[in-house]
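Q: Structure for the following, please:
(chains A, B, C and D)
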Protein chains: 4
Amino acid sequence: MTARPMRFGLIGTGRIGQVHAAGIAADPDTTLAWVCDPIVDGARTVAARYGGTVSDTAEELIASGEVDAVLVASPTPTHVDLIERAVDAGIPVLCEKPIDLDIARVEALRPKIAASGVPVALGFNRRFDAGFASARARVAAGEIGELEQLAIISRDPAPPPASYIGASGGIFRDMTIHDFDMARFFLPDIVEVSAVGTAAFDVGAREHGDFDTAVAVLRAATGAIVTITNSRHSAVGYDQRIEAFGAGGMLQVANAPSSLVSLSTAEAVEARPPYQEFFVERYAGAYRAELSEFVRLVRGETSTSPTFEDGRAALILADAAQRSATEHVAVQVDLD
Amino acid sequence: MTARPMRFGLIGTGRIGQVHAAGIAADPDTTLAWVCDPIVDGARTVAARYGGTVSDTAEELIASGEVDAVLVASPTPTHVDLIERAVDAGIPVLCEKPIDLDIARVEALRPKIAASGVPVALGFNRRFDAGFASARARVAAGEIGELEQLAIISRDPAPPPASYIGASGGIFRDMTIHDFDMARFFLPDIVEVSAVGTAAFDVGAREHGDFDTAVAVLRAATGAIVTITNSRHSAVGYDQRIEAFGAGGMLQVANAPSSLVSLSTAEAVEARPPYQEFFVERYAGAYRAELSEFVRLVRGETSTSPTFEDGRAALILADAAQRSATEHVAVQVDLD
Amino acid sequence: MTARPMRFGLIGTGRIGQVHAAGIAADPDTTLAWVCDPIVDGARTVAARYGGTVSDTAEELIASGEVDAVLVASPTPTHVDLIERAVDAGIPVLCEKPIDLDIARVEALRPKIAASGVPVALGFNRRFDAGFASARARVAAGEIGELEQLAIISRDPAPPPASYIGASGGIFRDMTIHDFDMARFFLPDIVEVSAVGTAAFDVGAREHGDFDTAVAVLRAATGAIVTITNSRHSAVGYDQRIEAFGAGGMLQVANAPSSLVSLSTAEAVEARPPYQEFFVERYAGAYRAELSEFVRLVRGETSTSPTFEDGRAALILADAAQRSATEHVAVQVDLD
Amino acid sequence: MTARPMRFGLIGTGRIGQVHAAGIAADPDTTLAWVCDPIVDGARTVAARYGGTVSDTAEELIASGEVDAVLVASPTPTHVDLIERAVDAGIPVLCEKPIDLDIARVEALRPKIAASGVPVALGFNRRFDAGFASARARVAAGEIGELEQLAIISRDPAPPPASYIGASGGIFRDMTIHDFDMARFFLPDIVEVSAVGTAAFDVGAREHGDFDTAVAVLRAATGAIVTITNSRHSAVGYDQRIEAFGAGGMLQVANAPSSLVSLSTAEAVEARPPYQEFFVERYAGAYRAELSEFVRLVRGETSTSPTFEDGRAALILADAAQRSATEHVAVQVDLD
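A: Reported below is the predicted structural model:
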C-alpha cells in the first residue's frame, strides 16, 4: 500500500463495467485514470462518480501513457482486438469473460500473448469467492481425501432479454463458461464433455435455438466427474452452490443468505428470506479480491489470477458442450 | 431376552396409560398381565388390544400374585397410595410424574421406600430421549469442557382444558417438573430457584391463578446456571430443545423434524413443515428406552432409571419455583 | 384390519428377505405363512423368529395353497421363473428389483403378466419413503410450478464384495435402477439417457469392468432434465437426497439425521453425527408402507405399488445408461 | 447526499473510537473534522488515516466552531461532562453506552437534555443490526402474533483484562446494558428485573466481585417475559442471537456465519467454521446504519436513533439486575 496506486483504464461502462469502476475507486491500491465507452455518456457518468479522464475510443485510452493496466468490460466481440492492442502497447489487461465466441480467433491471438510476456488475466471472478476458494483450498489440503465428484449448481435469477440471448453465443459460452472455469479451478485437466440442454421456459432461448436449462457432465484426467447444472431462472434468488465429494467426505458451499432471520409458524418452520439476488451482491467480495490479485499479477508478484489460457480452456469446453448437446455424443477435448 | 417376559400390572388407562400399554405389549421383554381402571371400560379396551386381566381396583391387581411390576399411570392424587401398596406387597413400581402435589405426603412416604429395598422408578421419560441422553453423555465426556449454562426450552402445543389446570397443581408441578428433572439430569445438585410466570393467553390459567408462560432460573452447586423456558402453547409444534454451554463450546439438541422435505420459493427458502406434534410422537423412543431400563432395574441389573428420590427433588424445585414466582424472591433449596 | 391377515410366502432369506420377514410379522394385516430358501437353515432361522412353515423349494411354497401372496427376495436370476410360477398359480407377487439383468427375458414374460390379471409389484421401496413421496406429491400439487430439473443423489456407504459386483449386472442395473425408478416416479416418460462412469476406488469394480462412480442424465418427454449421481461409497453415511427444481422454486429432501444433537466448538460449529447408515435404517418406514400398499393391491383396492411395467422401464433405462457410458453417446429410449 | 457532509468531532480514539472514525470517513454524508484524545498520539494516528484536526482536549474540539456533531467514545466517567458541554454548545451528540455508571449523575443531567432540544443519541448499535431490526419489524407487523417471550443470547468471545473489569461497573452495566436496550427495542416498558450471576471462569470477575456468567429475566408491562443470557467468553465465536416467541410462532436471528462452507466426514457432518469473531465484524453494518440514522436525527428528519432516555432506562435496568443478583429478590422498576 506504500506504492503509488495502480492507474486503470476502464473500457466499457455497462453493468459489469460499473461494478469494476466502483471496485477500482474503492481499493486504495488502484485508481480510475481513464474511462472509455463509444457511448460517451456512459463513460462520463462513471467518471463523474469515480474519477478518470473520459474518452470515446479505446485507442486514445491505451495511447494516453496514463494507464498502468486496462480493464476490458466492453461487448465480447471487441475483446480480442482490445487485448491485442493493450498487449502491443505493453499494458497488462484484465478482460471480462469470454475472450471471444470464436475459438479460432482466440487460437490466433494465443501465440502473441504467450510471447509478449504482458500479463493478461480473465475475469473469472468466482475463483475469488471466499466460499469457493476455501472449498478448493480444503480439497487441496486433503480434508475430503481424493476428489471424486464435483457438483456445480449455477442458476441466474431471470433470463436476459431475447436480444442478449441472440448475441450471447448460447448458454454454454455465455453462462456455463463460468462453471467450466470453476470445474477447472478444482480439476484443471478436463478430457471429456457431455451436455444436455432444453428450452423449458424462455422465449428468447426458443427464438434463438438456445437452451435455458442445461446439464454438462465433465470427466477429468484424474477420473473425477464434474456435474454442472444451469438454469436461466431461479425463483429463490441467485443459486450458486458447489459440492465437492471425495473418498473421505464432502465440502459444500451453500447459497448466500440475505438475512439471519428465520420464521417458524404453524405453516412452516425455519423459513428464511430468498437468497441474495444476483452477482453484484453475491460476488461483491470476489470482485474486490479479483482486483487485488490482478494488481499482484501486474506487479510481478505471486498471483493466482486466471489467465488467457484459462479463458481459452473454458471456451473449448463450452464449444464441446454445445456440440455434445446438439449431436448427442460425448465430446473428447484436449486443453493443451 | 431368554428370561420369561416381565409381567406388568398397569394402573390407569388414560392417554399416558395407553402409551405404556402399547409399549409393554411391543417389548419382547415385557407382557401386559393385568390392567386396572375404576372406569373399567377403559381397562377393557386396553386389555382387548394388548392383553391382560381386567380389574376395576388396584388392590385386586396387586394382590393377584400375577404381576412382577406395577406401572402407575392413574391420576396424581392416587400415586402415593399406590406406590405404598405395591411396595408393601414387594412389587417394583414405575410411577408417572409427579409423585404427588404435596411434598409433605412425599416426605412421609420417603423413609418406607428407602427402607423397603423395593425398586421405585419415576416416569421422567425425557432422560431416555436419544438426543438429550447423548448431549448429557457428551457433556460428561468433556466435549464442551466445564458446563456453565444449560438452557431448556419446553413448550406444549396447546393448553389443556381449564378443568385439568385446576387440578394440576400449577404449571411448575405439572409441566416444568419434567424440566426440573432434566436440569438435574445434567446438574443433580440445584441450590437456588428463581421463577417468573404470567398468564398470557390461557383462560384456564387465569381462572385458576396459574401461569401459562414461565421462566425458571436454577443455580447449581457447581455454579452453573440453568434457564428453563415454558409455554402452554406453541404454534410450531412441540418445542423441546436443550442447549448446553461450556467453556469449550456448545451442544445443542434441536426440535425433531416431522419431514426431511424443505420448500424454497420466491417468498421464503428452506421452509420445513412444523415440528413433531406432541410427546407421543417425539418421545416414542424414550418411552421404549424408559421401559427397558426399568426392566433392568427390577432385574437388579445396572440401571439409570430415575428414582423416587428424583421425583421428590423435582417436586421440591417445583414448590420453590411456585413460591419464587409468587413472592418475587429467589428461593434456596436443599435436595438432600 | 377386520380382514384375516394376508398370508405371505417369503422366497429368499438373505439380508433383504430378513427385512421383509420382520415387516410381514410386524404388520397386523399380514402374517408369514411359508418361508423358503434352498439354504434351508436360513429359512429355519427366519421361521423361528417370525413364524411360517419352512421349505427348501419355491414349488412347495407356491403349491401349498396356504399363501395369499408371494414375496420374492431370492437372487436376481431366479426372479423371472418365480414370478411366472406364482402368476401361473394365480398368486400375487411382490418381487425385489431388478426383474432380471436380461431385458429379453423380461420382455418375454411381459405379455403373460399383462394377460394374467394377477398383481405383480416391484420392490422399488423408495417410492414409499415419506420424504420422497411428500416431495413428489407437492410437485404434483404445483408448489414449485412446472418441474424443470430433478437431481437424485444416491450413494451407498461402502462397496459390496468383488464377487457381488461380478454378478450384479453393473452399477446401473444393480444400484442406479432404484434411481431410474425414482426419476420415473416424478417423470414417468423418459426419452433419452446419457451416462458417464468411472472406477475411482473400488477394486471389485475395476476387476469386473464396472463403475463405482457414475452420473446419468435423463431427458423426460416434458423437457425436464434428471441428473442422477451415484457412488459405491460415502464416508458421511447413506447419502440419499432429491432436489426438484421448478419454475417457482425448489423442493429438497435432505439426508436423514442420526441424531438431533449438534456440537459447536472453537474448531467447528453445528457439527452433527454422520447420517443414518444404510437402507435398513433409512428406509424402515418405506418398507412398511410398501408392504401396506401391496396388500391394498392384492385386495383390489386403489394402490400405488410400482408394477412389472415399472420394473421393465427401469431396466431399459439401466441398459441405455450402460450403453451410453460405454459408447459415449446419448441413447434414445422408448418405454412403451 | 446533496447536502454538505456533516462534520464530526470524535472524542476518544480507543478501539470503539477507531471503529467510528472509519465509519465517519467511509460515509459520503459525514466527514471527520476534529479528533481529540488526551493521549494525543492516538488522535494523531486516527487523523492520519481518516483526516481531521488533532487536539488533546475536548474543550478545544467543542469550541472550534468546526464540528456539526460530536461523537463521544471516551471512557465512561467522562460521558456526562462531555454530553453536557456539547449540549451547552448546542452541538448534537452521539455517545457510546453507558451514559454513566452512576444513575444519580444521569438523573441530574436529564432535565437539561430534555429542555435543551439538542439531539443526544446513545450508541446502542445493535438496534441497527439488519437481523435484529428485521425481527423487530416483523414482530411489529404481526408475523408471530402477540409477543410472549423474548430470548436474547449475548456472549463475548473472551473476557476483558481484569483491570477493565474493575472499572466497568460490573457485567450488567458494562455488557448486559446492550441486551437491556435490545429488550426495550422490542418491549419498551419493563416493570421487573430478576437476575442471577456467577463467576465461573474469569479471574478478573472473581477479583472484583463481578460475574462472568449471568441470566436476567425481565417482565414487560404487556406481560411478556424476556430472558437475557450472558457470558464473558464463547469458544464458538461471538454468540449473538435473538428468539422472539409469539402466539403464532417464532422469529429467530441466528449467529452470523464466517463462511458458506461446511464439511462432512465420517466423524461429523455439516460442520461449519466458528461464527464471526466479535462486534467489529458482526456489527459492521449496524455501525454504518447507526451513523446514518444519527445524521438524520441531527438534520431534524424522522429518526429511530436511541436517545438519552433509552440510555437512562438501560442503566436503571442494569442497576436493578445488579441489586437482584446480589440480594436474591426480584426488583420492580419504573422507567418513566
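
Q: In the longest helix along chain A, which residues are buried?
A: When chain A is parsed with DSSP state H, its longest helix is helix A:308-327. Using 16 or more other Cβ atoms under 10 Å in any protein chain shown as the test for burial, helix A:308-327 gives A:308-325. The C-beta positions use only the backbone N, C-alpha and C, and glycine is treated the same way.

Q: Equivalent analysis for stretch A:249-266, please.
A: Neighbour-count burial for stretch A:249-266 [16+ other Cβ under 10 Å]: A:249-265.

Q: Is A:I242 in a helix, a strand, or coil?
A: Following DSSP: H, G, I helix; E, B strand; the rest coil, A:I242 is assigned to strand.

Q: Nearest residue to it in space, please, no chain neighbours.
A: Distance criterion Cβ to Cβ, 6 or more residues apart in numbering or on different chains; nearest residue to A:I242, sequence neighbours excluded, is A:V253 at 4.3 Å.

Q: show me what contacts that neighbour?
A: For A:V253, the contacting residues are A:131-132, A:134-135, A:241-243, D:260-261, by Cβ atoms under 8 Å, 6 or more residues apart in numbering or on different chains.

Q: what are the bridge partners for it, then?
A: Taking DSSP bridges as the rule, A:V253 bridges to A:I242, D:V261.

Q: Which pLDDT value does the model give it?
A: On the pLDDT scale, A:V253 is placed at 98.

Q: what about it, distance to chain C?
A: 15 Å (Cβ to the nearest Cβ, to the nearest Å).

Q: can you check A:G197 too?
A: Taken as Cβ to the nearest Cβ, the span from A:G197 to chain C is 8 Å.

Q: before we move on, what SS does that residue have?
A: From three-state DSSP, the assignment for A:G197 is strand.

Q: quick one: buried residues of stretch A:195-207?
A: Neighbour-count burial for stretch A:195-207 [16+ other Cβ under 10 Å]: A:195-202, A:204-205.

Q: Likewise for stretch A:210-221?
A: A:210-220.

Q: on that earlier part again, what mean pLDDT does the longest helix of chain A have?
A: pLDDT averaged over helix A:308-327 gives 98.

Q: cool, stretch A:76-89 as well?
A: The model assigns stretch A:76-89 a mean pLDDT of 97.

Q: Not counting that stretch itself, show me its contacts.
A: So stretch A:76-89 is contacted by A:11-12, A:58-59, A:62-63, A:70, A:72, A:74, A:92-93, A:95-96, A:98-101, A:105-106, A:109, A:112-113, A:116, A:118, A:120, A:167, A:169, A:308 (Cβ under 8 Å, 6+ apart).

Q: what does stretch A:267-276 give?
A: Taking Cβ under 8 Å, 6+ apart as the rule, stretch A:267-276 contacts A:235-239, A:255-259, A:261-264, A:282, B:236-237, B:255, B:263-275, D:252.

Q: Quick check: which ranges of the stretch 201-336 of chain A have low pLDDT?
A: The model of the stretch 201-336 of chain A has no residue with pLDDT under 70.

Q: Near chain C, which residues of it are found?
A: For the stretch 201-336 of chain A, the contact set with chain C under Cβ under 8 Å from any Cβ of the partner chain comprises A:201, A:213-215, A:217, A:219, A:223-225, A:227, A:229, A:231, A:233, A:235-236, A:245, A:247-250, A:328-330.

Q: what about A:R110, how many residues close to it?
A: The local packing of A:R110 (other Cβ atoms under 10 Å in any protein chain shown) involves 15 other residues.

Q: of all the contacts of A:V253, which comes closest to chain C?
A: Checking the contacts of A:V253 against chain C by Cβ to the nearest Cβ gives A:E243 as the nearest, at 8.7 Å.

Q: Now do the same contact list for the closest one.
A: If you count contacts by Cβ under 8 Å, 6+ apart, then A:E243 has A:149-151, A:250-253 around it.
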